[in-house]
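Peer 1: Predicted model follows, preceded by the sequence.
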Amino acid sequence: MKIQFYPVDISYKTRGEKAEIHIYGKDSKGNPILVIVNDFQPYFWAVLKSELEKKKGFERAEIETSEEEIIPITSKKNSEIYERIKDINIPREDKRRITASKIEIAKKKFLGKEIEALKVFAELPSDVPELRQQVKDFGFETFEADIPFARRFITDRDIIPMTLHEADGEFINQRSRVPVFQAESLQRVSDELMENLRVLAFDIETYNPVGKIAIPESDPIIMCGFYGENFKKVLTWKQFNTAPDYVEFVKDEKALIEKFKEIVEEYKPDVITGYFSDGFDLPYIKKRADFHRVELDIGLDYSPLSIKRGHITTCRVVGIPHIDMFRFIRNIVARSLDTTALTLDSVANELLDERKEDVDIENLAFVWDNLPEKLEEFCKYNLKDAILTYNLLTKTMQNLLELMKIVRLPIYDVSRMSLSQIVEWYLIREAKSFNELIPNKPSYDETVQRRIQTYKGAFVFEPQPGLYKNIVIFDFRSLYPSIITTHNISPDTLNCGCCSEERDEVAELTDWFCKKRKGFISTVIEDLITRRMRIKQIMLSADDKDKKLLKAREQALKTIANSMYGYMGFFASRWYSIECTRSITAYGRHYIKQAIDKVAKAGFKVLYSDTDSVFLALENKTRKDAENFLQNINRELPRLMELEFEGFYPAGIFVSAKIGDFGAKKKYAIMSESGLIRIRGFETVRRNWSIIGKEVQEKVLNIILKEQDAKKAFDYVTDVINKLRKKEIPLEKLVIFTQLQKDMDSYTAVGPHVAVAQRMKALGKLVGAGSMIKYIVTEGKGRIRDRAKLVEETSQSEYDAEYYIKNQIIPSVGKIFEVLGYKEEEILGKSEESKKQQNLNTFFGK
DNA sequence: CAGGGGCGGGG
DNA sequence: GTGTACGCCCCTG
């Protein structure tokens, strides 16, 4: 029988001697389903090293031949080795033997060159690493042996997650939370995305003793909030009278976790989401569930929530995509945000114009123990976090879905990928239709080599440091992508044998690119750009609903196209090419300098320029003038290039910070009309700064940009410094918070927070991994750690004012004042008053 | 000056 | 899971 369904979550399972692909999704009626495909075999490619080296760099094949063609063995060498690979037989502990289950020979391309490649099949995905090693030892270069099995399946069978597919097969009986369908065949039938995703957002609150971040070993979960369509709930296990109707009381923490499972099971979400739930909520729930011996088997195959350790832990539920909003926002959305802090509060504020509930979360444990009647506001707070997360997902979902449709990997993967991974997987998918072998990831040594190679970067117009009003920013949003397309920049067109005579006359361009045959990456980029232009065209006559969708699609295409340059220059990428990147920047410098000249000729004051943007001060001109100028310049630019109006900013400060010969680093702060301040290149506030450091930076930027009064900002800082020296700053503003990450004994380097923690332990206080250590640096000589004291051990006059000035105040605002023409010693009050005044006057142009 | 350790997000 | 992880800053030795 035939069924139609939308694949959502795709993974594989080993059953006996076979790996099965498991596709969880929804059928066309909206019912959940598991479709199993078991005719897909793992494989990788092997190419003789001699084959790779022949015709190196020259006379490459036409890109048009794009089907993978199975051919008879032609070379004697290939056939000999073919026999050897066939004979591979590696015993394993479980009595299975690793063999090549099948070998084919095909015509493939590698960076445009036609080559003969062996396609080596394995029985199980887990056999591949050893099989590959064996084949390598025979003198082959292997390819694509590190493509995860499920992703390999998605690519080869041309799946696009969440679009309509048809499967032929039958329902079978198997332990599963959803009906299981065994598919004989599977194909995509439409590009339309599934609709009405059921989203469940959740958020936990934990019992956190004052001054401590809760640690799962000892501190329980005390609330769990949920929000979905027509659904809101807060679970908690302390009774109080004023509970709103969405609060449900449970017996204890164990019951709360069991109820959590039940809600996920009953709500049947298509997607679950949290904010930093990969790193906090889910690992925490898991730990507490383990503690209570509750099996967290919420997977649709009854498997437990799985947590992968890494730099950030990653949490997966089989069959239900889990999206950590924070990760998607940090990796993708953040680039278009003004806020630098990516807390739920600041992101919601900017994206949704909503804030978190204003409660003092530090007090939660105290209230929980002593004032349960006041728990209502914390329940409200808990629910609100879930609501904000839900709304953030709703707000950005279309963008995520469009990215997913372009990259064609499951939403779980795409939602936590960095830009370079998105680009890479897009290229991997595209490589298939060009019949190109996917280059391997560089070895560690290779990445070290790549890291030390440098090349001349973008052009930076050194700003006259200072504060400016009425700033307009123009930028070439598609500068690098258009350069890549226009000049056919791609690793496979680089320095071809046929075109060395036709090099472009562009300053500092050291390489050339084929003019006869289009490259892989340049073709991929051109396709992205033309698709985007087509969409923008359609948008002109679309209704509002379609416009929103098209906008998201167009943004996704732009995001990928814009990242291609950075990707080719990223040390860990598969399609790395320093020659390509340095050529792109050479062309880029050429075009931006042209634009700057034109801006200046049109009578605007150019303040600053970096890579693809020009900052200008309107002075006596108007915004309208700027817009008109744009229209004119765009008429003269090549087809794919466009200078855009990025924005208008009432105030901004700039600094030039030359670092050796490598160019200038972006350092500026600008304020938008809505009062949001965008900071680039300055130290940003961190949690291990004292309150005084944070406070001073925030106030200074506000005074400078909002009130545009540098003198006032300067006076404010000197005042704070004086107060610090006179010991007038209250101790609580000087406390430095540092978290003890591991157990005290496992430290080799004893930093200040470790020393303080040791003393706390000696005093009989409860400290351990996860504890927030609070300390104040006091006067004296020698190491910081010997002078770090507990707050209660420190008297008001004891703190080391100079330490705070040097390590907290100067780092937070020093650079800002440098921009405004102040020297560090002036801030420190070491120079005479008159000089200060003089500087101020220069600054204000008096 | 090298290298260990913390931060980000979360309570 | 046929993988996987960064870049910056402070402090100590």
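Peer 2: Yes, it's here.

Peer 1: Let me see the domain layout of chain A.
Peer 2: Chain A resolves into domains spanning A:2-40+A:160-191, A:57-148, A:199-407, A:441-515+A:568-668, A:692-843 when parsed by automatic domain parsing.

Peer 1: Of all the ones you listed, which one comes closest to A:K545?
Peer 2: Minimum separation from A:K545 across the domains of chain A (CB to CB) falls at domain A:199-407, 10.7 Å. Just so you know, the C-beta spots here come from the backbone N, C-alpha and C atoms, and that holds for glycine as well.

Peer 1: So is the closest one next to DNA strand C?
Peer 2: Yes - Domain A:199-407 is in contact with DNA strand C by CB under 7 Å from any atom of the strand, via A:K308, A:R309, A:G310, A:H311, A:I312, A:T314.

Peer 1: Which secondary structure state does A:Q421 sit in?
Peer 2: Three-state assignment for A:Q421 (DSSP: H, G, I helix; E, B strand; the rest coil): helix.

Peer 1: which residues in the stretch 51-200 of chain A form helices?
Peer 2: For the stretch 51-200 of chain A, the helices defined by DSSP state H, counting those that start in this stretch cover A:76-86, A:128-137, A:149-156.

Peer 1: nearest to A:V47, of the domains of chain A?
Peer 2: Taking the domains of chain A one by one with CB to CB, domain A:57-148 is closest: 4.8 Å.

Peer 1: next one: phi and psi at A:V506?
Peer 2: Main-chain dihedrals, A:V506, degrees, to the nearest 10: phi -130, psi 130.

Peer 1: Now it: closest residue in space, sequence neighbours ignored.
Peer 2: Nearest residue to A:V506 in three dimensions, chain neighbours excluded: A:H590, at 5.0 Å (CB to CB, 6 or more residues apart in numbering).

Peer 1: Which element, helix or strand, includes the one you found?
Peer 2: helix A:578-601 (DSSP states H and E).

Peer 1: Check whether that helix comes near DNA strand C.
Peer 2: No - Helix A:578-601 does not reach DNA strand C (CB under 7 Å from any atom of the strand); its nearest approach is 14.6 Å.

Peer 1: One more: stretch A:427-434?
Peer 2: No - contact of stretch A:427-434 with DNA strand C (CB under 7 Å from any atom of the strand) is absent, the minimum separation being 11.3 Å.

Peer 1: Tell me the first helix or strand C-terminal of the helix ranked longest in chain A.
Peer 2: Using DSSP state H to define each element, chain A has its longest helix at helix A:376-407. The element immediately downstream of helix A:376-407 (helix or strand, assigned by DSSP H and E) is helix A:411-414.

Peer 1: On the three-state scheme, the residue in chain A that DNA strand B sits nearest to is what?
Peer 2: Using CB to the nearest atom of the strand, A:R687 is the residue of chain A that sits closest to DNA strand B, at 2.7 Å. Secondary structure of A:R687, reduced to three states by three-state DSSP: coil.

Peer 1: who are the neighbours in contact with it?
Peer 2: A:F737 (CB atoms under 8 Å, 6 or more residues apart in numbering).

Peer 1: quick one: contacts for A:I88?
Peer 2: A:I98, A:T99, A:A100, A:L131, A:Q134, A:V135.

Peer 1: what is the mean pLDDT for the host helix or strand of A:W425?
Peer 2: Assigned by DSSP H and E, A:W425 falls within helix A:419-433. Across helix A:419-433, pLDDT averages out at 93.

Peer 1: and it, how far from the chain's centre?
Peer 2: 16 Å (CA atoms, centre = their mean, to the nearest Å).

Peer 1: Pull the residues that contact it.
Peer 2: The contact list for helix A:419-433 (CB under 8 Å, 6+ apart) reads A:66, A:147, A:151, A:155-156, A:331-332, A:403, A:406-409, A:414, A:417, A:437-438, A:520-521, A:524, A:559-560, A:563-564, A:566-567, A:570, A:572-575.

Peer 1: again, only this time at 6 Å
Peer 2: A:S66, A:T155, A:V407, A:R408, A:L409, A:I438, A:V524, A:I560, A:S563, A:M564, A:Y567, A:F570 (CB atoms under 6 Å, 6 or more residues apart in numbering).

Peer 1: now stretch A:670-683
Peer 2: With CB under 6 Å, 6+ apart as the test, stretch A:670-683 has contacts from A:338, A:340, A:649, A:651-652, A:665-669, A:701, A:705, A:811-812, A:815.

Peer 1: Filter those residues down to the buried ones.
Peer 2: A:D338, A:Y649, A:A651, A:G652, A:K666, A:K667, A:Y668, A:A669, A:L701, A:L705, A:S812, A:K815 (16 or more other CB atoms under 10 Å).

Peer 1: Now for those residues: which two are most distant?
Peer 2: In the buried ones among the contacts of stretch A:670-683, two members sit farther apart than any others by CB to CB. They are A:Y649 and A:S812, at 22.2 Å.

Peer 1: one step back: can I get the domains of chain A in a markdown table with distance to DNA strand B and mean pLDDT?
Peer 2: Converted to a markdown table, these look like this (distance: least, CB to the nearest atom of the strand, whole Å; pLDDT from 0 to 100):
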| stretch | distance to DNA strand B | mean pLDDT |
| --- | --- | --- |
| domain A:2-40+A:160-191 | 24 | 95 |
| domain A:57-148 | 25 | 79 |
| domain A:199-407 | 3 | 92 |
| domain A:441-515+A:568-668 | 13 | 85 |
| domain A:692-843 | 3 | 80 |
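
Peer 1: Of all those, which one is nearest A:D546?
Peer 2: Closest to A:D546 of the domains of chain A, according to CB to CB: domain A:199-407, at 11.5 Å.

Peer 1: What are the boundaries of the helices in the stretch 601-750 of chain A?
Peer 2: With DSSP H, counting those that start in this stretch, the ranges of helices along the stretch 601-750 of chain A come out as A:623-636, A:691-706, A:710-725.

Peer 1: if you compare these, which one is most tucked away?
Peer 2: Comparing the helices of the stretch 601-750 of chain A by mean neighbour count (mean count of other CB atoms under 10 Å), helix A:691-706 comes out on top with a mean of 20.

Peer 1: and the closest residue to A:I827 other than its chain neighbours, what are its phi and psi?
Peer 2: Nearest residue to A:I827 in three dimensions, chain neighbours excluded: A:F817, at 5.6 Å (CB to CB, 6+ apart). The phi/psi pair for A:F817 (degrees, to the nearest 10) reads phi -70, psi -30.

Peer 1: Now for A:F817, how many residues are close by?
Peer 2: A:F817: 23 surrounding residues under other CB atoms under 10 Å.

Peer 1: Equivalent analysis for the one 3 residues further on, please.
Peer 2: Burial measure for A:L820: 22 neighbouring residues, criterion other CB under 10 Å.

Peer 1: gap between it and A:D504?
Peer 2: 42 Å (CB to CB, to the nearest Å).

Peer 1: Okay, and the beta partners of the closest residue to A:V47 other than its chain neighbours?
Peer 2: Distances taken as CB to CB, 6+ apart put A:A117 closest to A:V47, at 4.8 Å, once the chain neighbours are dropped. For A:A117, the beta-bridge partners are A:A106 (DSSP bridges).

Peer 1: Looks like A:V234 contacts A:V247 (just checking).
Peer 2: Yes - look at A:V234 against A:V247 with CB atoms under 6 Å: they come within range, at 4.9 Å.
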